[in-house]
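only geometry, no sequence info:
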């Protein structure tokens, strides 16, 4: 399938990322250990990006599984990473739309980190993931939240939100997960340093891409974006926006 045009800016900004969320390699490893994974556990990762979670957990914990993503570039990177880590016989990656994707057999863990748009929001995405989950299995969901209440609408927009209601507070998010019928059984939260590494790496990648592709049709858009990206991050996103991965089991 062809990668949709709307994904191209994202592929450019995060073309050098292995983890497409504000989560360090160490915290990704911490999450894998915290879940007490066993060799042979099967993981379905929806909107898997470049497959770092599935590949490293296959290496470190012996899991097997499948990643699904709409980006052809990221699927290619994930496949290459699986070969690099020697786990290509245990994981596979599918270039497909994760929205509406259900597996023919149940998985022990189903994840969607930073992409709950695939189910139209948190509730819909949890319902979608549950369709591919074995009874008693784990769901992993990565979501943003307000680390602090933004003081004004400028701060809200600076965090790439259309309104305050786009995100909940951390207590509000945990309460919402419970109201949807899930127990929160583990969590790993991003730090400001994790946000810095995620965001700032995009600036260098974008600038180098602009230097190499000055006549590309996306160059004006990405140049305008880069003009304010660092300022918005240090002014708003770093202070007000949190992000975390939450491990859930059905009540």
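Good, I have the coordinates. These figures come from a predicted structure and were not determined experimentally.

so how many other residues sit close to residue 193?
Neighbours of residue 193 under the rule other Cβ atoms under 10 Å: 11. Heads up, the C-betas are built off the backbone N, CA and C, glycines and all.

per-residue confidence at it?
The per-residue pLDDT reported for residue 193 equals 96.

what's the answer for residue 5, then?
On pLDDT, residue 5 comes in at 85.

residues near it, how many?
Residue 5: 8 surrounding residues under other Cβ under 10 Å.

and what of residue 217?
Residues contacting residue 217 under the criterion other Cβ under 10 Å number 8.

Tell me the secondary structure at it.
State at residue 217, reduced to three classes by DSSP: H, G, I helix; E, B strand; the rest coil: coil.

From residue 210, how far off is it?
Going from residue 217 to residue 210 by Cβ to Cβ, to the nearest Å gives 13 Å.

go on, residue 11?
Here residue 11 is placed at a distance of 15 Å from residue 210 (Cβ to Cβ).

Can you list the low-confidence ranges for the protein?
1 (pLDDT under 70).

now the helices for this structure?
8-13, 25-34, 52-61, 72-84, 122-130, 153-158, 170-179, 192-212, 219-232, 238-240 (DSSP state H).

higher neighbour count, residue 11 and residue 210?
residue 210 (17 against 14).

got the contact list for the more buried one?
Contacts for residue 210 were tallied using Cβ atoms under 8 Å, 6 or more residues apart in numbering; they are 219, 222-223, 226.

coming back round to it: so which of the helices of the chain is nearest residue 247?
Residue 247 lies closest to helix 25-34 among those, at 7.5 Å (Cβ to Cβ).

Tell me the gap between the closest one and the middle of its chain.
14 Å (Cα atoms, centre = their mean, to the nearest Å).

orientation of that helix relative to helix 52-61 in degrees?
Taking axes from the mean of the first three to the mean of the last three Cα atoms, to 10 degrees, helix 25-34 and helix 52-61 form an angle of 60 degrees between their directions.

so how far is residue 20 from residue 188?
Separation of residue 188 from residue 20 (Cβ to Cβ) stands at 16 Å.

Now residue 127: closest residue in space, sequence neighbours ignored.
residue 119 (6.6 Å; Cβ to Cβ, 6 or more residues apart in numbering).

Just give me the neighbour total for that neighbour.
Applying other Cβ under 10 Å, we find 20 residues neighbouring residue 119.

check contacts around it.
If you count contacts by Cβ under 8 Å, 6+ apart, residue 119 has them with 99, 112, 125-129.

just residue 45 next, same as before
Applying Cβ under 8 Å, 6+ apart to residue 45 gives the contacts 51, 53-54, 65-68, 110-113.

Quick one: the contacts of residue 210 as JSON lines, columns for distance to residue 140 and neighbour count too.
Below are these laid out as JSON lines (distance: Cβ to Cβ, whole Å; neighbours: other Cβ atoms under 10 Å):
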{"residue": "219", "distance to residue 140": "36", "neighbour count": "14"}
{"residue": "222", "distance to residue 140": "31", "neighbour count": "20"}
{"residue": "223", "distance to residue 140": "36", "neighbour count": "13"}
{"residue": "226", "distance to residue 140": "32", "neighbour count": "16"}
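
Farthest pair within those residues?
Greatest spatial distance among the contacts of residue 210 (Cβ to Cβ): 219 and 226, at 10.3 Å.
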